[in-house]
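Sequence and predicted structure are below.
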Amino acid sequence: HAADAHRTDLMTITRFVLNEKSKYPESRGDFTILLNHIVLGCKFVCSAVNKAGLAKLIGLAGETNVQKLDVLSNEVFVKALVSSGRTCILVSEEDEEATFVDPSKRGRYCVVFDPLDGSSNIDCGVSIGTIFGIYMIKDNHEPTLDDVLQPGKQMLAAGYCMYGSSCTLVLSTGEGVNAFTLDPSLGEFILTHPDIKIPKKGKIYSVNEGNAKNWDGPTAKYVEKCKFPKDGSSSKSLRYIGSMVADVHRTLLCGGIFLYPADKKSPSGKLRVLYEVFPMSFLMEQAGGQAFTGKQRALDLVPTKIHERSPIFLGSFDDVEDIKALYTAEG
Ligand code: AHM
Ligand code: MG
């Protein structure tokens, strides 16, 4: 019986990644070890997020000074990544400077991450997440910042973990997108969404409309078109959580478009290239969608600073095609 086989033949994230036909077979073991340390960080943050409400009330483990969850999550990820022995450079949203791993613990992977994105949403119980991207340094040279200031298309893998009604880890190693859900009784991420493909066209747009008065022409025109289509198609629905992982997760599964455009107040938008825009763009392309900055394919962007920002439009292929046309007409 197929369903029974499924229940007893558990496809954990480790087993899945070991099975994947890797482009770098010689580094498969190292990648799996690195991933296991990322997974450990995700499990820890998941457990901390689930206890966050209680921590306020009673103080976790008798602590009088409950540490802020984003700071705590960052510490956990940095320590897990360094101790994996497989990393050389870490870039975290929480740390102004990149971390260069001590030579005694050094490996070839560079990890860029936002340990707890959307943390302003914790207090009202809204889904939040961890976002990460993975590069590899060339040969055995001394790591420098240039190793992470690479276009997103050079990433070997990217993903996010969403701490919501369930804990879901979405991963791509460049061979499609798969999602794994944490089974709390096993403490394992089990494959629940194999080979995710985003619908070619969606019915949802997702943007902070409160910024509309500061938008540029193409963004304003696009959103107007979502609401008042002139080609006889039906208008799109608006969904905006304000937590990138949750908004992108819905976009990936249901289709549609997520926008964080430039505006007069923030000419580069809000979201960060290395650990927000790139990983999510990587996943979108791997799922058959697109990601565009307003000027170019997002994954072609070459960052010059580790905390650089960029406008981003990502989601279903046809929907991103529409906004590309508006920007091209403008330019
Ligand atoms: P944060 O780093 O302060 O958590 O901000 C990032 C978040 C994203 O998760 C989300 O997409 C965006 O900010 C929402 O911004 P806004 O509140 O301007 O709509
Ligand atoms: Mg963030």
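Yep, it's here. Ligands and ions are numbered 1, 2, ... in the order given.

what about the longest helix along the chain, near ligand 1?
Counting by DSSP state H, the longest helix found in the chain is helix 28-50. No: Helix 28-50 does not reach ligand 1 (Cβ under 6 Å from any ligand atom); its nearest approach is 13.6 Å. (Glycine included, C-beta is placed from N, CA and C.)

helices or strands next to that helix in the packing?
Under the contact criterion of 3 or more Cβ pairs under 8 Å, 6 or more residues apart in numbering; DSSP states H and E, helix 28-50 touches helix 13-19, helix 69-83, strand 106-117, strand 128-136, strand 157-163, strand 167-172, strand 178-183.

repeat that for 6 Å
helix 13-19, helix 69-83, strand 157-163 (3 or more Cβ pairs under 6 Å, 6 or more residues apart in numbering; DSSP states H and E).

The ones you listed: which one's closest to ligand 2?
In terms of Cβ to the ion, the element of the helices and strands packed on helix 28-50 nearest to ligand 2 is helix 69-83, at 8.9 Å.

Following the chain onward from that closest one, which element is next?
strand 87-92 (DSSP states H and E).

Could you look up the next helix or strand downstream of that following strand?
strand 99-100.

ends of stretch 235-251, how far apart?
Taking Cα to Cα, to the nearest Å, stretch 235-251 runs 17 Å from one end to the other.

check contacts around the closest residue to ligand 2 within the chain.
The nearest approach of the chain to ligand 2 comes at residue 117, 3.8 Å away (Cβ to the ion). Residue 117 is in contact with 129, 131, 244-245, counting by Cβ atoms under 6 Å, 6 or more residues apart in numbering.

so it bridges to which residues?
Beta bridges link residue 117 to residue 129 when assigned by DSSP bridges.

please renumber so the chain begins at 6
Noted, 6 is the first residue going forward, which turns the last one into residue 122.

That one and residue 163, how far apart?
According to Cβ to Cβ, to the nearest Å, residue 122 stands 14 Å off from residue 163.

Also residue 153?
For residue 153, the distance to residue 163 - Cβ to Cβ - is 13 Å.

Quick check on these two: which one has the bigger neighbour count.
residue 163 (28 against 23; other Cβ atoms under 10 Å).

Spit out the contact partners of the more buried one.
By Cβ under 6 Å, 6+ apart, the contact list for residue 163 reads 138, 177, 284, 287-288.

same deal with residue 227?
Residue 227 touches 328, 331, counting by Cβ under 6 Å, 6+ apart.

How much space separates it from residue 257?
Residue 227 is 20 Å from residue 257, by Cβ to Cβ.

and if you look at residue 218?
30 Å.

which one of those two has more residues nearby?
Ranked by neighbour count (other Cβ under 10 Å), residue 218 and residue 257 place residue 257 first, with 28 against 10.

ok but that one is inside a helix, no?
Yes: according to DSSP: H, G, I helix; E, B strand; the rest coil, residue 257 belongs to a helix.

Now look at stretch 203-212 and say if it contacts ligand 1.
No: applying Cβ under 6 Å from any ligand atom, one finds stretch 203-212 separated from ligand 1 by no less than 8.1 Å.

ok, and what's touching that stretch?
In this structure, residues lying in contact with stretch 203-212 by Cβ under 6 Å, 6+ apart are 231, 241-242, 244-245, 252, 257, 260-264, 292-294, 321-324.

Among the residues you listed, name the buried ones.
The neighbour count (16 or more other Cβ atoms under 10 Å) marks 231, 241, 244-245, 252, 257, 260-264, 292, 294, 321-322, 324 as buried among those.

Of the residues you listed, just say which sits nearest to ligand 1.
residue 252 (6.0 Å; Cβ to the nearest ligand atom).

I figured that closest one hits residue 246, correct?
Yes: judged on Cβ atoms under 6 Å, residue 252 makes contact with residue 246 at a distance of 5.2 Å.

For the protein, give me the ranges with low pLDDT.
Within the chain, the stretches with pLDDT under 70 are 6-11, 26-32, 60-71.

Pull up the residues of the chain that are close to ligand 2.
Within the chain, the positions lying close to ligand 2 (Cβ under 5 Å from the ion) are 119, 122.

Tabulate the CA atom coordinates of the longest helix of the chain in PDB.
C-alpha atoms of helix 33-55 as PDB (Å, rounded to 0.1, in the frame of the first residue of the first chain):
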ATOM      1  CA  ARG A  33      28.500  15.800  -1.200                       C
ATOM      2  CA  GLY A  34      29.600  14.700   2.300                       C
ATOM      3  CA  ASP A  35      30.700  18.200   3.300                       C
ATOM      4  CA  PHE A  36      27.500  19.700   2.000                       C
ATOM      5  CA  THR A  37      25.400  17.300   4.000                       C
ATOM      6  CA  ILE A  38      27.400  18.100   7.100                       C
ATOM      7  CA  LEU A  39      27.000  21.800   6.500                       C
ATOM      8  CA  LEU A  40      23.200  21.300   5.900                       C
ATOM      9  CA  ASN A  41      22.900  19.300   9.100                       C
ATOM     10  CA  HIS A  42      24.300  22.200  11.100                       C
ATOM     11  CA  ILE A  43      21.800  24.700   9.400                       C
ATOM     12  CA  VAL A  44      19.000  22.200  10.200                       C
ATOM     13  CA  LEU A  45      20.100  22.200  13.800                       C
ATOM     14  CA  GLY A  46      19.900  26.000  13.900                       C
ATOM     15  CA  CYS A  47      16.400  25.900  12.400                       C
ATOM     16  CA  LYS A  48      15.200  23.400  15.000                       C
ATOM     17  CA  PHE A  49      16.600  25.500  17.800                       C
ATOM     18  CA  VAL A  50      15.000  28.700  16.500                       C
ATOM     19  CA  CYS A  51      11.700  26.800  15.900                       C
ATOM     20  CA  SER A  52      11.600  25.700  19.500                       C
ATOM     21  CA  ALA A  53      12.600  29.100  20.800                       C
ATOM     22  CA  VAL A  54       9.900  30.800  18.700                       C
ATOM     23  CA  ASN A  55       7.300  28.400  19.900                       C
END
